[in-house]
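> sequence below, structure please.
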Amino acid sequence: MFRSLRARIALSSFAATAITLLAVGGYLISDVQSAAQNRIDQGLERRTALIAGQLNTPLLPTSADSSASSSGDESGESAPGESNEAENQLSAPPQDEGPEGGDPQATVVTVGNKVVLSSGNAPAEVVEASTPGLQTVGDDGNSWRVLVSRFSGGRIVAATSLAKSTARANDLRDRALLIGAVGLVAAAAIGFLLASLATRSVRRLRLAADQVTGTEALDRRIPETKSPEELRALAASRNAMLTRIETSHEETAEARDAARRFAAEAGHELRTPLAALGTNLELLEHSERLEAAELAEIRGRAHSEYSRMVRLLDSLQALARGEASADLPLEATDLADIADAAVHSVHAAHRGYQFEVQAPEDGVPYLGHPEGLRRICENLLENAYCHGRENGKAVLKVEALSDGIVQITCDDDGPGIPEGDRTRVVERFARGADAPSGGSGLGLALVAQQAELHAGSVTVGESPLGGAQIVVTLGHLRA
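Sure thing, here's the model as predicted:
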């Protein structure tokens, strides 16, 4: 029913005020009524004590009533002349004009079976009350507070009407109800006002959230000042969420743009070998017009273009696997063993080239993706072979730096990479100005991809052997 936070706060304030007023009002009314009855009871006791003083006789305690009734005067008859003596001694006590003054009062003194004093206009049930002690006699509309006391040979009945006291109590209750009703209305209005003030920050937060209607508004943030602590925490959480969404959106946009560029570049790279392969196939259709040497040359070119496309497709597949490897678990590896295995694999394909590994004898431990680390080493060696001198040399060096950081360095004796191309050659399908034809332009891009997946980087410089030096620094990863 109450879906609004402001209405719920106002209702809670109203309910708390109502419960408080009922509890306090009920306690006060009860306390006032109890105090009034105590004053009446005290007045009755004073009047009874005054009459007992006039009779010059002690009052019997309540617990002795039964024994008194069976004592030497158990017939209830007074001694001869006692009644007349009591009548001469008694006079009606004055009206008690204390806090409850003005209430009708009555006093009855009975000696034996004879009423020797009767004042006030009390009903018969009050006059005839015989049970000792304080009691209330009559109904709510005509009730009396009665004190019955016994003395030897008789009883004293002191009574005060509760009509005016009841009327005053009812009037007090009505006033309390009226004041409480006014207080509740005021509490409801004040509670709604305070709830509006308390939820102002919430409304501001909602309005700010409503402004984010699309991905173009993800850079909007909610001010975290001038708000209660809980709302500041909520605003901070929402801002953090928007930051994550914005970052994810930017990464998605970048990935989408990269995929488009990649598809366009891959198509461009495949177009050339496919066109050359198509031309060679057309020539082979007219092989009867060609000599044996020309046929052999055409077949050689076709095989070369086919191999180039296979290498390009293998590199594209390796890039895709490299992106997926980011979700694979990390494994404890030895980079020295991985580098040694990479050198043996590449040397088997290029027998005339000299490859060398430099690594500590106790190995280089590292936590990473073994397949990606192997691809870094193999691609660095393949790049050195493609760009180095004929029957040249490449040196692959692995070493541990500090705090889990390792470094892989590959030096070759080729012509090197011009300084203007050193940052560009690690991009996809990028080749140096002096790079030989036939490469895919993805070798160093794969190295850079794996370095990034291992929290590292790639730098290109000059080698002590005279060619290019490529340094791959891998960061410290935690499982």
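> I470 should be in a strand, yeah?
Yes: according to DSSP: H, G, I helix; E, B strand; the rest coil, I470 belongs to a strand.
> for it, which non-adjacent residue is closest in space?
With sequence-adjacent residues excluded and distances taken as C-beta to C-beta, 6 or more residues apart in numbering, I470 is closest to C410, at 5.0 Å. Just so you know, the C-beta spots here come from the backbone N, C-alpha and C atoms, and that holds for glycine as well.
> helices or strands up against the helix or strand harbouring that neighbour?
Assigned by DSSP states H and E, C410 belongs to strand 406-412. Under the contact criterion of 3 or more C-beta pairs under 8 Å, 6 or more residues apart in numbering; DSSP states H and E, strand 406-412 touches helix 335-349, helix 370-387, strand 393-400, strand 468-474.
> indicate which one of the ones you listed is closest to T57.
strand 468-474 (115.6 Å; C-beta to C-beta).
> quick one: strands adjacent to that closest one?
When pairing is defined by DSSP bridges, strand 468-474 lines up against strand 406-412 (antiparallel), strand 457-462 (antiparallel).
> what sits up against that strand?
Strand 468-474 is touched from outside by 366, 368, 373, 376, 380, 383-384, 387, 401, 405-412, 414, 416-417, 444, 447, 451, 454-463, with contacts defined as C-beta atoms under 8 Å, 6 or more residues apart in numbering.
> okay, the angle between it and strand 393-400?
If you take axes from the mean of the first three to the mean of the last three C-alpha atoms, to 10 degrees, strand 468-474 sits at 20 degrees to strand 393-400.
> next, the angle helix 370-387 makes with strand 468-474.
Inter-element angle recorded for strand 468-474 and helix 370-387: 170 degrees (by the same axes, to 10 degrees).
> ok now strand 468-474, how far from the chain's centre?
Distance of strand 468-474 from its chain centroid, counting by C-alpha atoms, centre = their mean, to the nearest Å, is 47 Å.
> okay, now the unreliable bits of the stretch 1-150 of the chain?
Scanning the stretch 1-150 of the chain for pLDDT under 70 picks out 1-3, 5, 62-102, 140-141.
> hmm, back to that, indicate which one of the helices and strands packed on strand 406-412 is closest to I51.
In terms of C-beta to C-beta, the element of these nearest to I51 is strand 468-474, at 112.2 Å.
> any idea of the angle that closest one forms with helix 335-349?
140 degrees.
> ok so, going back, out of the strands paired with strand 468-474, the one nearest R145 is which?
Closest to R145 of the strands paired with strand 468-474, according to C-beta to C-beta: strand 457-462, at 99.8 Å.
> in the protein, which spans are helices?
5-55, 65-69, 82-89, 124-127, 163-198, 200-210, 229-285, 292-324, 335-349, 370-387, 443-453 (DSSP state H).
> would you turn the helices and strands packed on strand 406-412 into TSV with mean pLDDT?
Formatted as TSV, those follow (pLDDT from 0 to 100):
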stretch	mean pLDDT
helix 335-349	90
helix 370-387	88
strand 393-400	94
strand 468-474	94
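> CSV for those, including distance to R206 and mean neighbour count?
Shown next, in CSV, are these (distance: least, C-beta to C-beta, whole Å; neighbours: other C-beta atoms under 10 Å):
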stretch, distance to R206, mean neighbour count
helix 335-349, 55, 18
helix 370-387, 47, 23
strand 393-400, 55, 20
strand 468-474, 47, 23
